[in-house]
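Colleague: With the sequence up front, the predicted model follows.
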Number of protein chains: 2
Amino acid sequence: MNSLAEMTPSQVRKMIRRNELVRPTAGMASGYTQANLAILKKEDAFDFLLFAQRNPKSCPIIDVLEPGSPVPQRAAPTADIRTDIPKYRIYRHGELRDEVMDITRYWEGDMVGFLIGCSFTFEHALLNNGIPIRHIEEGCNVPMYITNLECTKAGKFHGMTVASMRPIPQEDVVRAVQVTSRFPAVHGAPIHIGNPAAIGVTDISRPDFGDAVTIKEGEVPVFWACGVTPQAVAMETKPALMITHAPGHMFITDLRDETLGVL
Amino acid sequence: MNSLAEMTPSQVRKMIRRNELVRPTAGMASGYTQANLAILKKEDAFDFLLFAQRNPKSCPIIDVLEPGSPVPQRAAPTADIRTDIPKYRIYRHGELRDEVMDITRYWEGDMVGFLIGCSFTFEHALLNNGIPIRHIEEGCNVPMYITNLECTKAGKFHGMTVASMRPIPQEDVVRAVQVTSRFPAVHGAPIHIGNPAAIGVTDISRPDFGDAVTIKEGEVPVFWACGVTPQAVAMETKPALMITHAPGHMFITDLRDETLGVL
């Protein structure tokens, strides 16, 4: 029996579908891209897609499902987004109403699923380049901050960019920019280096989401646009219905991380 | 008085607006990005945006205008797409009905403008790298071919990829891939190198659009996805109304070519 890391995406999804893996997906099907999920009604889909198009760093689209279809034809043609994520969240008018392991009974014929890039992919690339990831070392969630960088608005969708922060050794900062620039489909290059206050982060020890991490002597706080942004923005916009994955419980695609690299 | 090449985008657009420059825009406002235009009714906009998202090589989006607004807020906030292109084409149900210099009287409150990347930007990058562009040398239009590469369909929009071809000296092919890979917003890396028949191009001397060019000894035909694709696909789909720029008569944005480079 292979470990979860060694299994293929479809093997892992099959276990998830049977509710045999109700836990965060980090580390599963190693080397394959994991994605954030947002499901909206068709009436909100154009504005949301436009929002994503205008804010590609915080909202990089991996796949948009055909309206009404639960099958990601490009990212995972044998999957079903209604069952293949360990845990979902149901939001009505911006309020969390339920957390479930299967959304089949919520599914309607005019729903549109969006798969949005997740930082796991570029973190692997950083690790492969010998650049340490503090929150992995400390076994906690990445710290995330609501910045003062306004997203470009689209229709009803607007709000501030949420950024994740990773302390990077001074001598690795340039390489970290290069490595993550290769992956625009999973947030790409940093949005800020070095001065948290400049982007409205006044207390680095108190993130808005996730956990604080140690910043050692000689390390620089580097900020990347975060996949929490589109969810936070959508919450603020209070659509009648929105379904997302539960934090950390991602959708595992059939795409290899490296195929998302632009060069 | 500056030459057209040395003028700023807004200076050139002002002359175009007054119908003082009814001619192809190649070479104007040098260093600034020019774009293809497609205008559709809101009812078709979601499917078209989705089509673009799924076919980023042939349909790279530079800007999507707010529904009903003729102002490209991100690409050229002082411009008006109804007047700032030298020549437009009006299509009804897929048929060319009119060619005009101003579309103000066709404008409706539910129209959505799409600015789509154009190969001028990556051609400048190739030239800056000392790689010759045959159709510029020969003073004709780039040869374009309907390939057998099917676009990923989205709603009603579907069709074959149209590719432009540039003969590249064998020793420059790798560099040509690198240079154009930097510019995914203007078609990016080639879609095929070397064997026209493999993508359904049976007679390289007879392009489907544009002009045939000389392929010299030691040169390889290299194919890039072409901005004619979204127009060709939209024509085939026969939307009730579609407005585009006339071939070669592009929209000149305020964006510098280099700012579109990913690295």
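Modeller: Happy to help now that I have it.
Colleague: for the stretch 1-150 of chain A, what spans make up the strands?
Modeller: Counting by DSSP state E, counting those that start in this stretch, the segments of the stretch 1-150 of chain A that form strands are A:32-41, A:61-64, A:88-92, A:95-100, A:111-117, A:144-150.
Colleague: One more: the stretch 151-263 of chain A?
Modeller: Listed in chain order, the strands of the stretch 151-263 of chain A (DSSP E, counting those that start in this stretch) span A:160-169, A:192-193, A:219-225, A:241-245, A:251-256.
Colleague: for these, which one sits closest to A:G31?
Modeller: Across the strands of the stretch 151-263 of chain A, A:G31 has its closest neighbour in strand A:251-256 (5.9 Å, Cβ to Cβ). The C-beta positions use only the backbone N, C-alpha and C, and glycine is treated the same way.
Colleague: Return the residues of the stretch 1-150 of chain A in contact with chain B.
Modeller: A:42, A:45-46, A:49-50, A:53-54, A:61, A:64, A:66-67, A:73-74 (Cβ under 8 Å from any Cβ of the partner chain).
Colleague: Report how many residues lie close to A:G117.
Modeller: A:G117 has 27 neighbours, counted by other Cβ atoms under 10 Å in any protein chain shown.
Colleague: Per the annotation, how does chain A divide into domains?
Modeller: A:9-119+A:239-260, A:121-230 (automatic domain parsing).
Colleague: count of neighbours near the closest residue to chain B within chain A?
Modeller: Residue nearest to chain B within chain A (Cβ to the nearest Cβ): A:F46, separated by 4.1 Å. Under the neighbour criterion other Cβ under 10 Å, A:F46 is assigned a count of 24.
Colleague: what residues are up against the nearest residue to it once chain neighbours are set aside?
Modeller: If the residues on either side of it in the chain are set aside, A:F46 comes closest to B:F46, at 4.1 Å by Cβ to Cβ, 6 or more residues apart in numbering or on different chains. Neighbour list for B:F46: A:K42, A:A45, A:F46, A:L49, B:G155 [criterion: Cβ atoms under 8 Å, 6 or more residues apart in numbering or on different chains].
Colleague: 10 Å - rerun?
Modeller: Going by Cβ atoms under 10 Å, 6 or more residues apart in numbering or on different chains, B:F46 touches A:42-43, A:45-50, A:64, A:67, A:112, B:40, B:112, B:154-155.
Colleague: Buried subset of those residues, written for ChimeraX?
Modeller: Entered in ChimeraX, the line below selects the buried ones among these, by 16 or more other Cβ atoms under 10 Å in any protein chain shown:
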select /A:45,46,47,48,49,50,64,67,112 /B:40,112,154
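Colleague: Let me have the domains of chain A in CSV, extended by mean pLDDT.
Modeller: What follows is the domains of chain A, written out as CSV (pLDDT from 0 to 100):
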stretch, mean pLDDT
domain A:9-119+A:239-260, 95
domain A:121-230, 94
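Colleague: In stretch A:67-85, which of the residues would be classed as buried?
Modeller: A:67, A:70-72, A:74-76, A:79-85.
Colleague: Could you do stretch A:107-116 as well?
Modeller: A:W107, A:M111, A:V112, A:G113, A:F114, A:L115, A:I116.
Colleague: again with stretch A:96-105
Modeller: Residues of stretch A:96-105 classed as buried: A:D102, A:I103 (neighbour count, 16+ other Cβ under 10 Å).
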